[in-house]
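**Q** give me coordinates for this.
(chains A and B)
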Amino acid sequence: MSAEPLSFQDLILTLHAYWSDKGCVILQPYDVEVGAGTLHPATVLRALGPKSWNAAYVQPSRRPADGRYGENPNRLQHYYQYQVILKPNPPDMQDLYLGSLAAIGLDPTLHDIRFVEDDWENPTVGAWGLGWEVWCDGMEVSQYTYFQQVGGLDVDPVAGELTYGLERLCMYVQGVDNVYDLKFNKAGVTYGEVFLENERQQSAANFHGFDVAMLQRQFVDMETEVRSLLGQTGPQGQVLVLPAYDRVLKASHLFNLMDARGAIAVAERQSYIGRIRDLCKMCAEAWLKQQTAAA
Amino acid sequence: MPQLLLELFSEEIPARMQAQAARDLERMAREKLAEAGFIPEGVKAFAGPRRLTLVADGVPPAQSDRNEERKGPRANAPDQAVEGFLRSTGLTRDQLVERDGALFAVIAKKGRPTPEIIAEMTQQIVRGFPWPKSMKWGTGSLRWVRPLQRILCVFDGEVVALDIDGIKAGDLSEGHRFMGARQPFRARTFDQYADGLAAGFVVLEAEERRARILHEARTLCHARNLELVEDEGLLDEVAGLAEWPTPILGDMDPAFLDLPAEVIRTSMRTHQKYFAVRDPKTGKLAPHFVTVANIEAIDGGAAIAAGNARVLSARLNDARFFWDEDRKVSLESRLEKLKGVTFHAKLGTMYERVERIETLAREIAPLVGADPELAAQAARLAKADLGTGMVGEFPELQGLMGGYYARAEGLPDVVAAAVRDHYKPVGPSDSVPTAPVSVAVALADKLDTLVGFFAIDEKPTGSRDPYALRRAALGVIRIVLDKGVRLHLGRWADASLLAFFADRLKVLLRDQGKRHDLVDAVFALGDDDLVRIVDRIEALDGFLKTEDGANLLAGYRRAANILKAEEKKGALPTGPASAMPEAPQEELALIATLRNAQPEIEIALKDERFADALSMMAFLRAPVDAFFDKVLVNAEDAAVRQNRLRLLAQVRDAMGLVADFSLIAG
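**A** Next up is the predicted model:
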């Protein structure tokens, strides 16, 4: 590790520079709430279809049930993932990935880097792949996946996905035990100064604040809207799949909020997940059709 | 003789799949080589995190030439048929051989060069490899467990020409990802390959990786007066996660030692794949751990130890959070939450299940000497820990955590112990609960599972037993027999579940090396008290080993066969045989013996003195033998015959009081 560990923002900037140098499109975060960087259309939709696609971006991820009112040093209901998608995955993808760790100061001759089996799946978007959790000194620093299916459709060519948990990675790099103590920049601003109050208020709203009946209504509204949009076409005759997919993301987030409120009985859970998966599958199919036609 | 060396070099292979992959590779290679007519002197396969390797010694450079014989038409067949055969074989009429009236073509087959066969074999192995899960990558269509990067395939010092989905075989391999030269090296023999790997910080053999980990980990602990908590399953796993496994001893904050030891060990094992360490003086966990790194770090492992210690602290902080939070809520008040947890779509919620278990435990309690109220209380709380944070995080700690939490909230010790132990025995090597309240709840838990799933016809079939019903039934049997619990399973179990218990009992007796065929003979009596059933089986087993027993069984069969044959002709006469005037002495003797023995047998059976009942029955042996020896059942006189059939029926029925002897094998 270098003498001065990277600040949170420098960690992001370093990854941006690294992946930009490798030919990736550097995107900005998607402006709809998502539970994971994978759900960004730049991954879920772009993984499908024959076209090559290389992108990297930071994605704020919301996990309402993980909120701890800012009192837990490791758990947050809002945190950042760094996401890289390489399609088709290049043959030296593992080396590229290890290069990114070296760039942020993790020297593999000093630290124990291991690839530990982890088969990734996300039932709400009908996606799965094989890969690993990447461990650095016993800590999971990334998820590394070769996508096999998205929206229930085969990913061909195969896309490789890298997800770095930025806070955790940065805590490791900076040697900090509490996320709120992270140096956000070199000028002395901490992560806590930026986000602690947000965690407190959002946790309260997630666990007690939202009106469950309203969330349920909104969920149904989004569900209806997805179907409606998929039945409409744009100026060039194309199905409105991108706006439809945004509503799938909203439905998915509403589900997470209801879940955090404890408003979803175990028996209902599968049914909700199935409903979101169906919507997602419809979007994936429409998208793939557009991509194949365009190619 | 030449050597074949094959290495399939890939990205990291899941640890749990490696051992089977090595076995599959060896098996497939042996089969393919045998098909080609090769019996190598030695075939050995290896698996590690990034490679599968096969070496076969003593493979000939080429197949030998062979003659293949093909049968053609009969010698006197029409010309057309013969000509067709000649065309298909490319021979002339005079080259055919005639034998037993048929024509045979002997076709000389030129042996193929071995490299060709190896190339074909490797294609087949790679394309047909039975990975539990496989994937595609990039733009290719090949499937492997993770991307296949390189193939080394050398025969007799030469590269075998081979291309699998764009991957050309060569003579290059490479060592460790992070240590040594980090450059590919050339290998044309296994010795060169092994040297290259050794120089490149790779331990090829899984067994050697295991031994290295165990030895170094013990040494590290020993040097600090500590003792490694050994764990075979974990050792196998970590040996599959590192090519150059390097144990490192790390420190844990001693403040965490106030957490339950099982929580610390589970967190270390499942999350971190660490070995726990104990103090040999006290036998308790020591504030240390052993992690197995993949590198010998340039700083001696200090950064790795420190990093792992911090990760463990974060994990244990989480565990402590759950431990503290969970204890703020009583188990009783967690029950409400179980109403929202489906146990099974057709069997209701977990809460309904708890209510059933509670009722059962209350019923069973008096039969096992437990206080019904305490048993009901323990049953009610047994599943409450499913809603705790700790069990959510570590499902394998269910029951155990409930026990801790019950004790923490001041519930009676017997209740806490029953909550803790009610899943027992969880496997054949696990102990059975012994405290009466624990026994009642453990039985209630398993009976509810069995009765429920049998009621909705979810019975195990073949190897499918998704609800672990076999384990549950075996658990009931072991507890009941161990504690001598007298209970009538028929109170809860229907005929099909009773038959299932009989099957499990057979398996158990067989595993104990006991005679299991007697289970049917005893179960056929309709008894549903396992303790009595097993007592009866043991007495019967002892009896059949005696000469009297074996002979009486033969006599029984003879009687039963005669009766069966007579039954086909019409209904058998009923009632006891009478001592007819002029009856032979042997007939009268058997009647008398039976008259004396029968009430004694019945009394002994009523008192459950099965051995006594059987020794009483042994008195029948001599008169039965003598009767068959001297008396003709099928007498001319119908009345005499009828009387003798009555007598045989009496013998059969008397013996039938103890077991259904017709179901005894041998």
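
**Q** show me where chain A has its helices.
**A** Counting by DSSP state H, chain A has helices at residues A:8-21, A:41-44, A:93-103, A:166-174, A:191-204, A:212-230, A:241-260, A:266-294.

**Q** out of the ones you listed, nearest to residue B:397?
**A** Across the helices of chain A, residue B:397 has its closest neighbour in helix A:266-294 (20.1 Å, CB to CB). C-betas here are computed from N, CA, C, even on glycine.

**Q** by contact count, what packs against that closest one?
**A** strand A:153-154, helix A:212-230, helix A:241-260 (3 or more CB pairs under 8 Å, 6 or more residues apart in numbering or on different chains; DSSP states H and E).

**Q** reformat these as CSV; add mean neighbour count, distance to residue B:332 and mean pLDDT.
**A** Output for the helices and strands packed on helix A:266-294, formatted as CSV (neighbours: other CB atoms under 10 Å in any protein chain shown; distance: least, CB to CB, whole Å; pLDDT from 0 to 100):
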stretch, mean neighbour count, distance to residue B:332, mean pLDDT
strand A:153-154, 14, 49, 94
helix A:212-230, 16, 26, 96
helix A:241-260, 22, 25, 96
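
**Q** do you know which of the ones you listed lies nearest residue B:131?
**A** strand A:153-154 (18.1 Å).

**Q** name the residues that touch the closest one?
**A** A:48, A:148, A:281, A:284-285, A:288 (CB atoms under 8 Å, 6 or more residues apart in numbering or on different chains).

**Q** in a markdown table: those, plus neighbour count.
**A** Below are those laid out as a markdown table (neighbours: other CB atoms under 10 Å in any protein chain shown):
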| residue | neighbour count |
| --- | --- |
| A:48 | 27 |
| A:148 | 23 |
| A:281 | 17 |
| A:284 | 26 |
| A:285 | 17 |
| A:288 | 19 |
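
**Q** show me which of the residues you listed is closest to chain B.
**A** Distance to chain B, by CB to the nearest CB, is smallest for residue A:148 among the contacts of strand A:153-154, at 5.7 Å.

**Q** rebuild the helices and strands packed on helix A:266-294 as CSV, extending it with distance to residue A:72.
**A** Listed next are the helices and strands packed on helix A:266-294 as CSV, based on distance: least, CB to CB, whole Å:
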stretch, distance to residue A:72
strand A:153-154, 38
helix A:212-230, 24
helix A:241-260, 15
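
**Q** so for residue A:265, what's the pLDDT?
**A** pLDDT for residue A:265: 68.

**Q** which stretches in the stretch 251-400 of chain B count as helices?
**A** With DSSP state H, counting those that start in this stretch, the ranges of helices along the stretch 251-400 of chain B come out as B:261-266, B:302-326, B:331-338, B:350-364, B:372-381, B:389-393, B:400-408.

**Q** what comes up buried for the fourth one?
**A** This points to helix B:350-364. Of the residues in helix B:350-364, B:350-351, B:353-358, B:360-364 count as buried by neighbour count, 16 or more other CB atoms under 10 Å in any protein chain shown.

**Q** before we move on, back to that, of the helices of the stretch 251-400 of chain B, which is nearest residue B:505?
**A** Among these, helix B:350-364 comes nearest to residue B:505, with 19.2 Å by CB to CB.

**Q** now do that closest one: everything it contacts.
**A** Helix B:350-364 is contacted from outside by B:335-336, B:338-339, B:341-343, B:347, B:370, B:372-373, B:375-376, B:378-380, B:382-383, B:386, B:440-441, B:443-445, B:447-448, B:452, B:487, B:492, using CB under 8 Å, 6+ apart.

**Q** please apply the same query to stretch B:557-568.
**A** Here stretch B:557-568 makes contact (CB under 8 Å, 6+ apart) with B:572, B:624, B:628, B:633, B:645, B:648-649, B:651-652, B:661-662.

**Q** just the buried residues out of the residues you listed, in ChimeraX syntax.
**A** Listed next is the ChimeraX selection for buried residues among the contacts of stretch B:557-568, using 16+ other CB under 10 Å:
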select /B:624,628,633,645,648,649,651,652,661,662
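
**Q** export the helices of the stretch 251-400 of chain B to a markdown table and tack on mean pLDDT?
**A** Formatted as a markdown table, the helices of the stretch 251-400 of chain B follow (pLDDT from 0 to 100):
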| stretch | mean pLDDT |
| --- | --- |
| helix B:261-266 | 95 |
| helix B:302-326 | 91 |
| helix B:331-338 | 91 |
| helix B:350-364 | 96 |
| helix B:372-381 | 97 |
| helix B:389-393 | 89 |
| helix B:400-408 | 96 |
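
**Q** the residue of the stretch 151-300 of chain B found nearest chain A and residue A:26, how far apart?
**A** Nearest residue of the stretch 151-300 of chain B to chain A (CB to the nearest CB) works out as residue B:293 at 3.9 Å. Using CB to CB, to the nearest Å, residue B:293 is found at 34 Å from residue A:26.

**Q** now the buried members of the contacts of helix B:350-364.
**A** Here, 16+ other CB under 10 Å leaves B:335, B:338, B:341-343, B:347, B:370, B:375-376, B:378-380, B:382-383, B:386, B:440-441, B:443-445, B:447-448, B:452, B:487, B:492 buried among the contacts of helix B:350-364.

**Q** list the contacts for residue A:247?
**A** A:222, A:225-226, A:229, A:279.

**Q** returning to what we had before: quick one: closest of the helices of chain A to residue B:40.
**A** Residue B:40 lies closest to helix A:93-103 among these, at 34.4 Å (CB to CB).

**Q** right, and residue B:285 touches residue B:276 too?
**A** Yes - between residue B:285 and residue B:276 a contact is recorded at 5.9 Å, counting by CB atoms under 8 Å.

**Q** overlap in contacts of the two?
**A** Contact criterion CB under 8 Å, 6+ apart; residues shared by residue B:285 and residue B:276: B:229, B:264-265.

**Q** which residue is the nearest non-sequential neighbour of the residue of the stretch 151-300 of chain B closest to chain A?
**A** Distances taken as CB to CB, 6 or more residues apart in numbering or on different chains place residue A:112 nearest to residue B:293, at 3.9 Å, with adjacent residues excluded.

**Q** roughly how far does that neighbour sit from residue B:218?
**A** Residue A:112 is 20 Å from residue B:218, where distance means CB to CB.

**Q** of these two, who's got more company?
**A** Ranked by neighbour count (other CB atoms under 10 Å in any protein chain shown), residue A:112 and residue B:218 place residue A:112 first, with 26 against 17.

**Q** and the more buried one, what does it touch?
**A** Contacts of residue A:112 (CB under 8 Å, 6+ apart): A:135-138, B:291, B:293-295, B:297, B:304, B:307-308.

**Q** helices along the stretch 51-200 of chain B, start to end?
**A** Per DSSP H, counting those that start in this stretch, the stretch 51-200 of chain B carries helices over the ranges B:79-89, B:114-127, B:190-199.
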